[in-house]
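Visitor: here is the input, now give the coordinates:
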Amino acid sequence: MPKQYLKYGGVRFINNATPEEINAFVDGLSETQRRSLFNVVTLLEEEGFISLIEGDTTTIDKNMEEFLVPNSGPELK
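Guide: Here you go, the predicted model:
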């Protein structure tokens, strides 16, 4: 299974349920509960739908890699 990351949080996770089960759970949340990605992820983890992998995070959006600019190196001196 490929690694999966929360796009806006960068935290790696593993599905413990099917995407359909996860979507049904999220659809059943109130609008207030769904307003925060952090809250949704917390609820998904608490209910066992996903497991977060501590210490494995990323902040790079694969769709934006071609636009990344190095912030160090001899070419910047």
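Visitor: just the helices in the protein please.
Guide: With DSSP state H as the criterion, the chain has helices at 19-27, 31-34, 37-46.
Visitor: burial-wise, tell me which of those helices comes out on top.
Guide: Mean neighbour counts were compared across the helices of the chain using mean count of other CB atoms under 10 Å; the top stretch is helix 37-46, at a mean of 15. Yep, even glycine has a C-beta here, placed from its N, CA and C like the rest.
Visitor: mind giving me the packing neighbours of that one?
Guide: Contact here means 3 or more CB pairs under 8 Å, 6 or more residues apart in numbering; DSSP states H and E; on that basis helix 37-46 packs against helix 19-27, helix 31-34, strand 50-57.
Visitor: TSV for those, including mean pLDDT and distance to R12?
Guide: Formatted as TSV, the helices and strands packed on helix 37-46 follow (pLDDT from 0 to 100; distance: least, CB to CB, whole Å):
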stretch	mean pLDDT	distance to R12
helix 19-27	96	16
helix 31-34	93	22
strand 50-57	79	4
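Visitor: the ones you listed: which one's closest to K3?
Guide: strand 50-57 (7.8 Å; CB to CB).
Visitor: the helices and strands packed on helix 37-46 into a markdown table, with extra columns for distance to V41?
Guide: Shown next, in a markdown table, are the helices and strands packed on helix 37-46 (distance: least, CB to CB, whole Å):
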| stretch | distance to V41 |
| --- | --- |
| helix 19-27 | 10 |
| helix 31-34 | 11 |
| strand 50-57 | 7 |
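Visitor: between these, which one is closest to V11.
Guide: V11 sits nearest to strand 50-57 of all those, at 5.4 Å, using CB to CB.
Visitor: quick one: buried residues of the closest one?
Guide: I50, L52 (16 or more other CB atoms under 10 Å).
Visitor: what lies in contact with that strand?
Guide: 3, 5, 9-17, 22, 41, 44-45 (CB atoms under 8 Å, 6 or more residues apart in numbering).
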